[in-house]
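Chemist: here is the input, now give the coordinates:
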Amino acid sequence: MEKTCTLLVYFDKGTPALANEIKEQLEGHDTERKIDAMKKAVMLLLNGETLPTLFITIVRYVLPSEDHTVQKLLLLYLEIIDKTDSRGKILPEMILICQNLRNNLQHPNEYIRGVTLRFLARLNEAELIEPLIPSILSNLEHRHAFVRRNAVLAMMSIYKLPQGGEHMLSDAPDLIEKTLIKDQDLSSRRNAFLMLFTCAQDRAVNYLLNNFESVSGWGDLLQMVVLELVRKVCRSNLGEKGKYIKIIVSLLSSPSAAVMYECAATLVSLSSAPTAIRAAANCYCQLLLSQSDNNVKLIILDRLQELKTSHREIMVEMIMDVLRALASPNLDIRRKTLDIALDLITPRNIDEVVAVLKKEVIKTQNKELEKGGEYRQMLVQVIHSCALKFPEVAGTVVHLLMDFLGDSNAASAIDVIFFVREIIETNGHLRESIMARLLDTFYQIQSSRVCTCALWIIGEYSLSSQEVEGGISIIKQLLGDLPFYRTAEEGEIVDSAATKAFSPGNNNASAPPPPPPPPTASKRPAILADGTYATQVAVPESVSTAPSLMATAASAAGNLRAMLLTGDFFLGAVVATTLTKLIFHLKEGQSSNVAINKATADVLLILVSMLRLGQSTTVPHVIDNDSYDRISLCIRVISSVDVGMRTVWLKLCRESFVKMIADKHHREMEETKAIAQELYAQPDDLIDFYHLKSRKGMSQLELEDEVQSDLKRAMGESAKDRDSGKKLDRVLQLTGFSDPVYAEAYVTVHQYDIVLDVTIVNRTKETLQNLCLELATMGDLKLVERPQNYALAPDTSKHIRANIKVSSTETGVIFGNIVYETSSVLDRNVVVLNDIHIDIMDYISPAYCGDVAFRNMWAEFEWENKVAINTSIQDISEFLNHVVASTNMKCLTPLSALEGDCGFLAANLYAKSVFGEDALVNVSVEKQPDGKLNGFIRIRSKTQGIALSLGDKITLKQKGGV
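Modeler: Below you'll find the model as predicted:
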């Protein structure tokens with residue numbers, strides 16, 4: 001069994017020292033070589049070497065040394081060597097060091113005294129300590145604070161020894177209390193108060209209450225221990241917490257950031273009074289602004305997030321203070337700040353919040369701002385949410401955000417255009433101004449995805465004749481001259497718009513190239529159908545490759561033309577759809593047939609030119625079938641006079657979008673209601689009325705605290721065993737009932753660690769000696785503590801707690817055995833334990849992400865686990881609900897898209913782990929003619945562990961019987 005270790009030193013195993021070399025260096029007279037040898041000896045001992053012959057050498061040659069470094073290394077050596085035999089008895093040779101320790105405790109140098117006292121604080125052998133008690137006590141009066149503070153620590157450690165520590169220092173609390181009263185050194189007083197707090201709590205409480213008014217003047221070290229004492233006392237005696245809360249409030253103005261943080265945390269944990277919560281929130285906000293460490297800011301934001309969950313009304317008052325954290329350049333801090341602020345927005349503060357967000361958006365225009373595009377994207381998303389909750393502010397922000405439609409960060413621009421698309425539908429009075437602004441800024445758009453959405457908006461919401469004509473005009477302008485290409489004489493295919501831009505008549509051309517020579521033509525008479533003659537001109541066609549056309553795409557006159565010339569024919573299909581809708585709008589609002597026919601002819605020419613471009617060899621790839629069919633359909637629809645088709649294009653498409661927005665809002669409302677659902681109390685719970693409360697001898701803070709405690713109890717918010725059934729599910733039987741040792745474990749899973757509370761029962765009639773619970777792990781689990789040996793009497797039980805650290809989201813296994821000895825059997829007995837499987841569901845929780853983010857992560861993540869569907873469930877909706885419940889994930893696909901009974905279903909699920917890992921699941925299921933379900937569940941993640949573990953979980957759970 002490995003022993004506990006109080007010292008850690010890095011050890012290079014490449015060149016281990018030999019015991020003989022160390023011994024020779026120690027026997028010499030060179031102090032530097034002795035120091036080097038002692039360091040090697042300590043490192044070898046820490047890494048498992050025994051070096052049994054070295055002790056006598058050290059006693060002879062190192063013990064008498066007067067060098068301070070040698071003496072310090074000697075004490076480290078004595079700290080880590082075995083001082084007892086296998087039966088727990090002190091080794092005889094240890095007596096040799098007692099006199100040296102006594103001499104050190106009486107040494108004229110304060111450093112030697114201090115390090116020796118620190119060594120004694122780590123010594124657990126009472127037989128070695130007992131002769132040194134008088135010397136330890138004498139150091140309490142030493143003139144140097146370094147000696148006094150270590151003397152107090154040594155006395156505390158000795159007093160806590162299970163082998164008669166209280167008998168060796170029976171008057172220690174009295175001595176320590178006197179030291180606390182008269183000592184002026186902060187560290188000594190802190191150690192003395194900690195000693196009283198640990199070993200004589202009543203004395204510490206009395207001292208604190210007697211010096212209540214001076215607590216704010218104590219140093220930060222002592223104040224931290226005071227707060228720890230207050231937490232412990234208040235948890236054990238809730239009735240007296242009122243007077244201690246006053247102490248905490250007085251410490252909120254401490255100059256120490258650590259004390260302020262602990263005060264705020266203690267105040268929140270002990271009281272629910274509005275005054276106390278408000279003071280704690282103010283303290284957190286001050287720390288958020290004053291601390292420069294990003295990790296500290298993130299921790300404080302986590303605390304504010306917790307306050308927001310339990311005390312939202314109070315946190316609403318602090319929203320402007322929280323938003324000041326946006327001054328930090330760190331994106332994680334900004335993201336957390338915006339998440340907190342978004343839930344605290346009310347009609348009273350919406351204008352102030354939006355004003356701050358607008359200023360931050362303007363700041364992102366600075367080119368020197370690091371990750372300005374990502375920050376702008378976050379701000380756009382928050383403003384989007386604000387505008388949906390409070391439509392009255394949409395008009396103040398939408399035009400500002402539309403300036404960023406041409407942002408080089410495509411994700412930010414997409415969020416802006418999605419925001420514009422939703423606002424123009426939900427805020428009808430802004431339609432005209434948004435349309436005018438969109439047409440003015442359309443040429444700045446650089447992203448194809450943003451262009452498609454902007455074109456859809458132009459096609460749907462251009463209602464007046466002026467808007468329709470403006471939409472057609474801007475599209476024609478950005479597409480440039482038609483056709484999109486022509487074949488030159490030399491056989492080179494060039495962009496016709498680019499050729500025109502460099503024509504001799506163009507005054508803006510900076511360096512016009514020489515015009516190409518006229519094509520070579522052959523003229524000969526031709527006989528027409530009616531018998532007349534005509535002149536026929538034949539221009540020889542030439543075939544060329546695409547690079548010459550591609551070279552001009554970047555310098556094309558408009559963004560639409562440049563994207564089309566690079567082969568983006570999906571955009572071409574959207575352009576065709578938009579122009580078709582605009583023609584329909586024009587026919588409804590325009591009375592002049594001439595204007596309608598002219599616009600229709602121009603649009604048909606554009607559509608035909610796009611089809612010709614797509615079928616030519618001048619683009620990187622030919623047009624896809626879907627885009628070709630879409631553009632062809634637009635040509636047929638424009639050419640026809642079918643009124644029903646016009647209804648489909650102008651009315652039903654718009655209604656589909658309105659329904660999608662309504663479903664989104666309904667889903668958000670349902671989630672808000674679920675979060676806001678309150679706990680209900682029992683009908684016979686006591687209600688304490690504020691106005692009937694006795695106020696005798698109580699301050700306002702104490703009164704508020706008592707009323708809030710009663711109110712929480714009446715509303716059912718106090719801690720109750722509501723999930724007792726789930727708690728019983730976590731009790732695992734580790735051994736059989738017929739085993740001589742029965743064991744069961746209660747598994748508690750926190751975010752980053754697992755706690756096993758193991759109960760071991762001795763069912764024999766013998767005392768079990770050296771009983772040890774040995775555990776091992778498989779997966780990313782790590783044992784924190786080494787096992788200890790226990791003695792267990794007949795028919796008695798022992799509770800053992802084991803801590804296990806978790807480093808990633810994957811299924812882990814804990815296995816082990818119980819080893820013990822009995823007096824009747826010489827060999828050790830072993831009882832093998834059942835394995836404990838750690839469920840991945842304890843680490844992942846449902847989360848939401850947008851469709852765009854889901855697709856991006858799906859394309860980015862490299863680990864995929866494909867699970868075939870094999871279930872007895874025959875209804876596809878029921879199967880989806882079963883998978884969602886079994887995997888603890890959130891279904892991103894709206895319910896409206898899952899309605900109906902078509903025999904096929906596809907849905908996306910999403911969850912996030914406590915370690916920040918994303919888990920993506922796509923369920924594709926089809927109902928076969930025989931009633932069985934068929935299909936696949938695909939899981940993707942950035943790490944292999946979560947993909948495999950989630951796949952195993954789905955395989956186990958999908959049949960519905962587990």
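Chemist: can we go C-alpha only for contacts and neighbour counts from here?
Modeler: Fine.
Chemist: remind me which residues of this structure are low pLDDT?
Modeler: Within the chain, the segments meeting pLDDT under 70 span 1-5, 11-17, 238-239, 486-558, 590-591, 671-729, 751, 809, 825-826, 959-962.
Chemist: one more time with 50, if that's ok
Modeler: Along the chain, segments meeting pLDDT under 50 span 1-2, 489-491, 499, 501-524, 526-557, 678-682, 697, 715-724, 961-962.
Chemist: need phi/psi at residue 893.
Modeler: Per-residue torsions, residue 893: phi -70, psi 120 (degrees, to the nearest 10).
Chemist: the helices in the stretch 351-500 of the chain, which residues?
Modeler: 372-389, 394-402, 410-426, 431-441, 448-461, 465-479, 496-501 (DSSP state H, counting those that start in this stretch).
Chemist: relative orientation of the second one and helix 410-426 in degrees?
Modeler: Okay, so that is helix 394-402. Taking axes from the mean of the first three to the mean of the last three C-alpha atoms, to 10 degrees, one finds helix 394-402 and helix 410-426 inclined to each other by 150 degrees.
Chemist: is it true that residue 794 touches residue 741?
Modeler: No. Taking contacts as C-alpha atoms under 8 Å, residue 794 lies outside contact range of residue 741: 10.4 Å.
Chemist: returning to what we had before: need the helices of the stretch 351-500 of the chain in CSV (columns: mean neighbour count).
Modeler: Compiled in CSV, the helices of the stretch 351-500 of the chain are given as follows (neighbours: other C-alpha atoms under 10 Å):
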stretch, mean neighbour count
helix 372-389, 21
helix 394-402, 18
helix 410-426, 22
helix 431-441, 17
helix 448-461, 21
helix 465-479, 19
helix 496-501, 18
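Chemist: closest to residue 940 out of the ones you listed?
Modeler: Within the helices of the stretch 351-500 of the chain, the stretch nearest residue 940 is helix 410-426; the backing value is 21.8 Å (C-alpha to C-alpha).
Chemist: returning to what we had before: among the helices of the stretch 351-500 of the chain, which is nearest residue 602?
Modeler: Nearest of the helices of the stretch 351-500 of the chain to residue 602, taken as C-alpha to C-alpha: helix 465-479 at 8.6 Å.
Chemist: who are the packing partners of the closest one?
Modeler: helix 431-441, helix 559-565, helix 569-589 (3 or more C-alpha pairs under 8 Å, 6 or more residues apart in numbering; DSSP states H and E).
Chemist: hmm, back to that, any residues in contact with both of residue 794 and residue 741?
Modeler: Counting by C-alpha atoms under 8 Å, 6 or more residues apart in numbering, the residues touching both residue 794 and residue 741 are 762-764.
Chemist: just the buried residues of those residues.
Modeler: Among those, those classed as buried by neighbour count (16 or more other C-alpha atoms under 10 Å) are 762-763.
Chemist: just to revisit the earlier point, quick one, which of residue 794 and residue 741 is more surrounded?
Modeler: Higher neighbour count among residue 794 and residue 741: residue 741, with 21 against 14, using other C-alpha atoms under 10 Å.
Chemist: what helix or strand does the closest residue to residue 253 other than its chain neighbours sit in?
Modeler: Sequence neighbours aside, residue 260 is the residue nearest to residue 253 in space, at 7.0 Å (criterion: C-alpha to C-alpha, 6 or more residues apart in numbering). Per DSSP states H and E, residue 260 falls inside helix 257-270.
Chemist: whatever helix or strand comes next after that helix vs helix 257-270, what angle?
Modeler: Going down the chain from helix 257-270, the next helix or strand is helix 274-290, by DSSP H and E. With the same axes, to 10 degrees applied, the angle from helix 274-290 to helix 257-270 works out at 150 degrees.
Chemist: who touches helix 274-290?
Modeler: 249, 252, 257, 260-261, 263-265, 267-268, 271, 296-297, 300-301, 303-304, 307, 311, 314-315, 318, 321-322, 324-325, 701, 704-705.
Chemist: which positions in it come out as buried?
Modeler: Here helix 274-290 shows 274-289 as buried, counting by 16+ other C-alpha under 10 Å.
Chemist: now the two most distant members of those residues.
Modeler: Greatest spatial distance among the buried residues of helix 274-290 (C-alpha to C-alpha): 274 and 289, at 22.6 Å.
Chemist: is it true that residue 814 touches residue 774?
Modeler: No. In this structure residue 814 lies outside contact range of residue 774 using C-alpha under 8 Å: 10.5 Å.
Chemist: residue 742 belongs to a strand?
Modeler: Yes. Under DSSP: H, G, I helix; E, B strand; the rest coil, residue 742 falls within a strand.
Chemist: could you report the neighbour count for it?
Modeler: Residues lying near residue 742 (other C-alpha under 10 Å) number 20.
Chemist: leaving out sequence neighbours, find the closest residue to it.
Modeler: residue 761 (5.1 Å).
Chemist: what's near enough to touch that neighbour?
Modeler: Residues near residue 761 by C-alpha under 8 Å, 6+ apart: 741-743, 795-798.
Chemist: what helices and strands are in contact with the strand or helix carrying residue 945?
Modeler: Applying DSSP H and E as the criterion places residue 945 in helix 944-957. Using 3+ C-alpha pairs under 8 Å, 6+ apart as the contact test, the elements touching helix 944-957 are strand 863-868, helix 876-887, strand 933-941.
Chemist: what's the closest of these to residue 357?
Modeler: Evaluated over those, closeness to residue 357 peaks at strand 933-941, with 33.3 Å, by C-alpha to C-alpha.
Chemist: residue 936 against residue 867, yeah?
Modeler: Yes. Look at residue 936 against residue 867 with C-alpha under 8 Å: they come within range, at 5.6 Å.
Chemist: in the stretch 201-350 of the chain, which spans are helices?
Modeler: 201-210, 220-236, 241-251, 257-270, 274-290, 294-310, 312-316, 319-323, 331-342, 350-363.
Chemist: can you put those in CSV and add distance to residue 622?
Modeler: Below are the helices of the stretch 201-350 of the chain laid out as CSV (distance: least, C-alpha to C-alpha, whole Å):
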stretch, distance to residue 622
helix 201-210, 84
helix 220-236, 73
helix 241-251, 73
helix 257-270, 64
helix 274-290, 57
helix 294-310, 51
helix 312-316, 57
helix 319-323, 51
helix 331-342, 42
helix 350-363, 41
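Chemist: of all those, which one comes closest to residue 895?
Modeler: Of all these, helix 331-342 sits nearest to residue 895, with 25.5 Å by C-alpha to C-alpha.
Chemist: list the helices and strands that closest one packs on?
Modeler: Using 3+ C-alpha pairs under 8 Å, 6+ apart, helix 331-342 sits against helix 294-310, helix 319-323, helix 372-389.
Chemist: same thing but 10 Å
Modeler: Applying 3 or more C-alpha pairs under 10 Å, 6 or more residues apart in numbering; DSSP states H and E, we find helix 331-342 packed against helix 294-310, helix 312-316, helix 319-323, helix 350-363, helix 372-389.
Chemist: for the third one, name the packing helices and strands.
Modeler: For helix 319-323, the packing partners by 3+ C-alpha pairs under 10 Å, 6+ apart come out as helix 274-290, helix 312-316, helix 331-342, helix 350-363.
Chemist: can you map out the helices along the stretch 801-950 of the chain?
Modeler: Here the stretch 801-950 of the chain has its helices, by DSSP H, counting those that start in this stretch, at 851-860, 876-887, 895-898, 944-957.
Chemist: I'd like these laid out as JSON lines, including mean neighbour count.
Modeler: Formatted as JSON lines, the helices of the stretch 801-950 of the chain follow (neighbours: other C-alpha under 10 Å):
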{"stretch": "helix 851-860", "mean neighbour count": "14"}
{"stretch": "helix 876-887", "mean neighbour count": "18"}
{"stretch": "helix 895-898", "mean neighbour count": "13"}
{"stretch": "helix 944-957", "mean neighbour count": "19"}
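Chemist: which residues does stretch 248-255 contact?
Modeler: Defining contact as C-alpha atoms under 10 Å, 6 or more residues apart in numbering, one finds that stretch 248-255 is touched by 212-220, 223-224, 226-227, 230, 244-245, 259-264, 266-267, 276, 279-280, 282-283, 701.
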